[in-house]
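K.L.:
I would like to see how this sequence folds:
(one chain, ligands or ions: 2)
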Amino acid sequence: MTDCLFCKMVNGEIAPDKVYEDDDVLAFNDINPVAPVHILVIPKKHISTLNDAEDEDTMLLGKLNRVATGLAEKAGFAGEGYRVVMNCNDAAGQAVHHIHLHLLAGRQMTWPPG
Ligand code: AMP
Ligand code: ZN
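P.N.:
Numbering: from 1, shown residues only. Ligands and ions are numbered 1, 2, ... in the order given. Got it, this is the predicted structure:
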């Protein structure tokens, strides 16, 4: 999608602070981190919100989680713990309408989230 910030990262128009890439997925450091580790894991395919994912995207959604857990382990937080979050639409605070999984680690998380 031409007017999407994260698609521009996928197609190279904007260079993210990349931490992982494969054929389906890109991961990069959040520009405004809310934890010592704050990585966004996105599909290369443009999907606006979780509501727009279809059955054919099921493996892709799973892969976002697998990549996040791998990055959490690599960063040394598998045992200590970490959080993965996906926001959907305004009430959850979704600002970028290209789905992304937030990987947060390195501080004590509160529950429920704000
Ligand atoms: P959300 O509110 O769930 O849509 O999260 C969007 C996230 O994208 C926020 O945590 C922002 O800090 C992050 N973000 C926005 N622009 C950039 C950028 N250019 N590079 C990295 N992260 C970004
Ligand atoms: Zn996009």
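K.L.:
how about the residues of the chain that lie near ligand 2?
P.N.:
Contact residues, the chain versus ligand 2 (CB under 5 Å from the ion): 1, 4, 6, 7, 46, 98. Every residue, glycine included, has its C-beta placed from N, CA and C.
K.L.:
which residue packs closest to residue 86, ignoring adjacent ones?
P.N.:
Leaving out its chain neighbours, the residue that sits closest to residue 86 by CB to CB, 6 or more residues apart in numbering is residue 101, at 5.3 Å.
K.L.:
is ligand 1 within reach of stretch 48-62?
P.N.:
No: judged by CB under 6 Å from any ligand atom, stretch 48-62 stays clear of ligand 1, getting no closer than 9.6 Å.
K.L.:
which parts of that stretch are buried?
P.N.:
Residues of stretch 48-62 classed as buried: 48, 53, 57, 60 (neighbour count, 16 or more other CB atoms under 10 Å).
K.L.:
now the residues of the chain next to ligand 2 as CSV including secondary structure and pLDDT?
P.N.:
Converted to CSV, those look like this (DSSP: H, G, I helix; E, B strand; the rest coil; pLDDT from 0 to 100):
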residue, secondary structure, pLDDT
1, coil, 76
4, coil, 98
6, helix, 98
7, helix, 98
46, coil, 98
98, coil, 98
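K.L.:
out of the residues you listed, which are buried?
P.N.:
Buried among the residues of the chain next to ligand 2 (16+ other CB under 10 Å): 6, 7, 46, 98.
K.L.:
wait, the last one sits on residue 46?
P.N.:
What that stands for is residue 98. Yes: shown here, residue 98 and residue 46 form a contact pair, counting by CB atoms under 8 Å, at 5.6 Å.
K.L.:
name the residues contacting each of these two.
P.N.:
Taking CB atoms under 8 Å, 6 or more residues apart in numbering as the criterion, residue 98 and residue 46 both touch 1, 4, 6, 7.
K.L.:
quick revisit: pull the most distant pair out of the residues of the chain next to ligand 2.
P.N.:
Largest separation among these by CB to CB: 1 and 6, giving 9.0 Å.
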